[in-house]
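**Student:** Only the shape, not the letters, is given here:
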């Protein structure tokens, strides 16, 4: 009789555990977010790009596949904007009518650019505010349909006689202004001019860039850009319309790399033998505190030993 009671208890425990596991397995399908990156200010006749990213993915069943399909309705005012094309990125194929469809046999499970959508502001449009909306966004990992929130990008179209600041924008670098000086930060070591060109946008189509190192020497596409480097924006009349200084975290001599020389410079700064100033001081703020600390030194040392990555 005692054995039967024990068996019944075991069965009850098994049933409870099975129920708990089944509830937990279906309670969370997964979450993710979509972002639209691009500048927001244009004039009539301008062509521009909006980059579509997926990010903040978590708890997605079948994560080995990741998100392999995404669909969304693309809503915009056709009296103001004209869709002129687009392309998939990172292995995704783009099909775009009223609904945007992106698919990739491999899928992604981390922040990834999925597509570029191209628009044109219709001629004669000025002093208007309009929006591009991705609605009814749903992704699939090959197992579940996973919805997420709508995303809105507001576009301002300025008037013919209205002046506008020509500015950079980026989805991977941080752009900030301090004391009227523009900085491009969160730039990893070994970044080339071509890398930056591929990952920034500008809110005017008739602007071109030139890149310089901290010594003022012009750089080509394959050249590394380091701390103190400069990006200068020119208009169609070859006039400078804006400029940005580059900060590469951990690069304290402007060569675009993190080496033992940079480690020595932090050590000498902490020992008050040599002072880091200006952009090189900013590049030494690994932990982004107000001053350079022993933790900054430790993080650079660990980075050089391949124990830690300064850019993750």
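**Tutor:** Thanks, I have it. Worth saying up front: this structure is predicted, and the values here are computed from it rather than measured.
**Student:** give me the low-pLDDT residue ranges for the stretch 201-312 of the chain?
**Tutor:** Within the stretch 201-312 of the chain, the stretches with pLDDT under 70 are 204-205.
**Student:** try 90
**Tutor:** 201-208, 235-239, 287-290, 311-312 (pLDDT under 90).
**Student:** now the stretch 51-200 of the chain
**Tutor:** 51, 54-67, 97-98, 105-113, 124-129, 140-146, 153-172, 174, 179, 198-200.
**Student:** go with 70
**Tutor:** The stretch 51-200 of the chain contains residues with pLDDT under 70 at 59-65, 160-164.
**Student:** can you give me the strands for it?
**Tutor:** Taking DSSP state E, counting those that start in this stretch as the test, the strands found in the stretch 51-200 of the chain are 67-75, 81-88, 93-96, 99-108, 112-121, 128-140, 145-147, 151-157, 168-169, 174-178, 181-187.
**Student:** Can you give the distance of the third one from its chain's centre?
**Tutor:** Averaged C-alpha coordinates place strand 93-96 at 21 Å from its chain's average position (Cα atoms, centre = their mean, to the nearest Å).
**Student:** Parallel or antiparallel, list what pairs with that strand.
**Tutor:** strand 99-108 (antiparallel) (DSSP bridges).
**Student:** again, but for the shortest one
**Tutor:** Here the strand partners of strand 168-169, with direction, are listed using DSSP bridges: strand 201-202 (antiparallel).
**Student:** just checking, next helix/strand downstream of the strand it pairs with?
**Tutor:** Beyond strand 201-202 on the C-terminal side, the first helix or strand identified by DSSP states H and E is strand 208-212.
**Student:** Next, the buried residues of whichever helix or strand comes after that following strand.
**Tutor:** Sequence order places strand 230-234 as the next helix or strand after strand 208-212, per DSSP H and E. Using 16 or more other Cβ atoms under 10 Å as the burial criterion, the residues of strand 230-234 that qualify are 230-231, 233-234. Just so you know, the C-beta spots here come from the backbone N, C-alpha and C atoms, and that holds for glycine as well.
**Student:** chain center to strand 230-234, what's the gap?
**Tutor:** Taking Cα atoms, centre = their mean, one finds strand 230-234 lying 21 Å from the centre of the chain it belongs to.
**Student:** swap in stretch 275-294?
**Tutor:** The answer for stretch 275-294 is 24 Å, by Cα atoms, centre = their mean.
**Student:** distance between the ends of that stretch?
**Tutor:** 15 Å (Cα to Cα, to the nearest Å).
**Student:** For the residue nearest to residue 39 when sequence neighbours are not counted, give me its contacts.
**Tutor:** Excluding the flanking residues, the one nearest residue 39 by Cβ to Cβ, 6 or more residues apart in numbering is residue 203, at 3.2 Å. Neighbouring residues of residue 203 by Cβ atoms under 8 Å, 6 or more residues apart in numbering: 39-42, 48, 164, 166-167, 169.
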